[in-house]
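> Using only what follows, build the 3D model:
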Amino acid sequence: ADIKDIVNDIEHFIGNQSIDVVIGGPPCQSFSSANQQRMIDDPRNELYKYFIQAVEKIKPKFVVMENVVGMKKVADQVIEDFHSIQVNVNGSTVSYDVDFHIFNSEDFSVAQRRQRLFYIAVRDDVANNKQITPQQIIDEIISSCMLNNRFILSDALQYLRPLEASK
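Model (predicted):
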């Protein structure tokens, strides 16, 4: 369902389960490169705020949030929003450590050049227990991509048969 319709009662959907990861890409049209007046409080960004609310209620161990590169201009605000989450887990108040990186689809052997911004957050208790930070996760992803093959469009299309004109 639409996150706006379920976020207030999200506990009903997940029950008492412990959630490992929440992954999402809330639409934020005002951060698109086509929009020259980007701002965090643009009403079109309300889904981003609902995403943060969902994280606060679900209390996942990890969070991955993907968006357009233009959202980097408000990275400080996004980081502050994640840091402001204070949740009770097993009797302790914990929050989230978060970092971000711009990844390019071509780094993952996709025959396309498309940059996307990823925020990775780790709940404090998990970060301390596993001795891991969002930056370490980002560094591992970067390292694992170094030997990936690079492809171009012709590589993706090479095995398609040629189109024939209808008679």
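> Skip the chain neighbours and tell me the closest residue to the spatially most central residue of the chain.
The residue lying closest to the centre of the chain (CA atoms, centre = their mean) is residue 65, at 1.4 Å. Using CB to CB, 6 or more residues apart in numbering and skipping the chain neighbours, the partner closest in space to residue 65 is residue 119 (4.3 Å). Using the backbone N, CA and C atoms, a C-beta is placed for each residue, glycine as well.
> OK, contacts around the one you found?
Going by CB atoms under 8 Å, 6 or more residues apart in numbering, residue 119 touches 63-67, 78-79, 82, 98-100.
> got CSV for those residues, with distance to residue 17 and pLDDT too?
Shown next, in CSV, are the contacts of residue 119 (distance: CB to CB, whole Å; pLDDT from 0 to 100):
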residue, distance to residue 17, pLDDT
63, 16, 98
64, 19, 98
65, 21, 96
66, 23, 95
67, 27, 92
78, 26, 90
79, 27, 94
82, 22, 94
98, 23, 97
99, 27, 97
100, 28, 97
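> Just give the number of residues close to residue 102.
10 (other CB atoms under 10 Å).
> which SS state does it fall under?
Look at residue 102: counting by DSSP: H, G, I helix; E, B strand; the rest coil, its state is strand.
> Return the set of residues that bridge with it.
Here residue 102 sits in beta bridges with residue 117, going by DSSP bridges.
> How much space separates it from residue 165?
The gap separating residue 102 from residue 165 is 42 Å, by CB to CB, to the nearest Å.
> pLDDT of whichever strand or helix holds residue 156, averaged?
Using DSSP states H and E, residue 156 falls within helix 153-157. On average, the pLDDT along helix 153-157 is 85.
> ditto for stretch 6-19
Stretch 6-19 shows a mean pLDDT of 88.
> That stretch: which residues count as buried?
By 16 or more other CB atoms under 10 Å, the buried positions in stretch 6-19 come out as residue 7.
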